[in-house]
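# For reference, the sequence and a predicted model appear below.
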Amino acid sequence: MQPDDPPHGTWRGYSYYKCREQCCRDAAARYERGRQWDILRGERRRVPLLGAQRRVQALQAMGWPLPTLAARMGRSRAWLNNVAFLNQSGYIFRSTFHLIDGLYQELADTPGPSRRTAILAAAKGYPRPAAWNNIDDPDETPDAGYNSAHTGRGSDPESRLADLEHAVRFAFTLEGAADWLGLSTAAVEKWCRNHGREDLLERMRGAA
């Protein structure tokens with residue numbers, strides 16, 4: 001293993017790449033000491049995958065593409081895809097969960113940049129963050145009213161209102177909100193007038 005290899009000097013370099021240089025041996029020793037200490041404190045190194053997987057799916061439903069999410073965590077798309085969707089064990093390291101959860105806490109209320117990602121996520125049935133009361137509860141069923149993300153098709157009035165209020169909250173212009181919803185500006189204007197929400201229309205115009 002070369003010194004500039006990413007796993008060099010890590011537990012992964014020792015365990016997976018079989019590097020036996022001193023830096024990797026030291027990293028493996030630190031990991032083992034930490035693991036033994038966690039056992040003594042009754043803390044698990046691995047946690048169920050479900051919560052992290054739901055968080056990634058929810059962010060995709062908000063329009064955040066997988067490569068963008070991975071880059072914001074300083075990781076590759078392949079890494080995130082493997083962790084969230086190809087993991088067969090059902091468990092991930094606690095540190096990995098905290099990394100994903102931190103990004104989720106940062107972005108859960110923020111519309112992502114890709115309507116295409118939101119549409120594909122909706123087609124797969126990925127619920128948005130607001131659909132969950134406790135996203136880590138394996139027995140919870142998400143609120144079906146939030147399962148369809150920003151497709152601009154078949155949205156009931158309550159969901160459309162929630163989408164528009166969300167757009168206003170994040171200072172979307174009328175054009176930006178329309179694009180996010182997959183609608184024309186005229187359609188958004190008509191909906192606001194028909195439902196007595198000209199206030200939303202004025203606020204979106206004021207954001208320009």
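Okay, I see it.

# make it CA atoms for all contacts and neighbour counts henceforth
Fine.

# For the closest residue to residue 184 other than its chain neighbours, give me its contacts.
Of all residues not flanking residue 184 in the chain, residue 178 sits nearest, at 5.6 Å (Cα to Cα, 6 or more residues apart in numbering). Residue 178 makes contacts with 184, 185, 188, as judged by Cα atoms under 8 Å, 6 or more residues apart in numbering.

# try residue 165
Going by Cα under 8 Å, 6+ apart, the list of residues near residue 165 reads residue 200.

# Now name the helix or strand holding it.
helix 157-169 (DSSP states H and E).

# Buried residues of the helix or strand following that helix, list them for me.
Later in the chain than helix 157-169, the nearest helix or strand by DSSP H and E is helix 174-181. Residues of helix 174-181 classed as buried: 174, 175, 176, 177, 178, 180, 181 (neighbour count, 16 or more other Cα atoms under 10 Å).

# how far away is the fourth one from residue 108?
Think residue 177. As judged by Cα to Cα, to the nearest Å, residue 177 and residue 108 stand 18 Å apart.

# before we move on, what about the second one?
According to Cα to Cα, residue 175 and residue 108 sit 22 Å apart.

# mind listing what's buried in the helix holding residue 165?
159, 160, 161, 163, 164, 165, 166, 167, 168.

# Could I get the buried residue list for stretch 62-72?
For stretch 62-72, by 16+ other Cα under 10 Å, it's 62, 63, 64, 65, 66, 67, 68, 69, 70.

# Let me fix that, I meant to ask about stretch 199-207.
Buried-residue list, stretch 199-207, by 16+ other Cα under 10 Å: 200, 201, 203, 204.

# Pull the residues that contact the helix or strand containing residue 29.
In the assignment (DSSP H and E), residue 29 maps to helix 22-41. If you take Cα under 8 Å, 6+ apart as the criterion, helix 22-41 is touched by 8, 9, 10, 11, 13, 14, 15, 19, 44, 45.

# For this protein, which segments count as strands?
46-48, 91-93 (DSSP state E).

# Any chance of these in a markdown table with mean neighbour count and distance to residue 85 as columns?
Converted to a markdown table, the strands of the chain look like this (neighbours: other Cα atoms under 10 Å; distance: least, Cα to Cα, whole Å):
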| stretch | mean neighbour count | distance to residue 85 |
| --- | --- | --- |
| strand 46-48 | 16 | 13 |
| strand 91-93 | 16 | 12 |
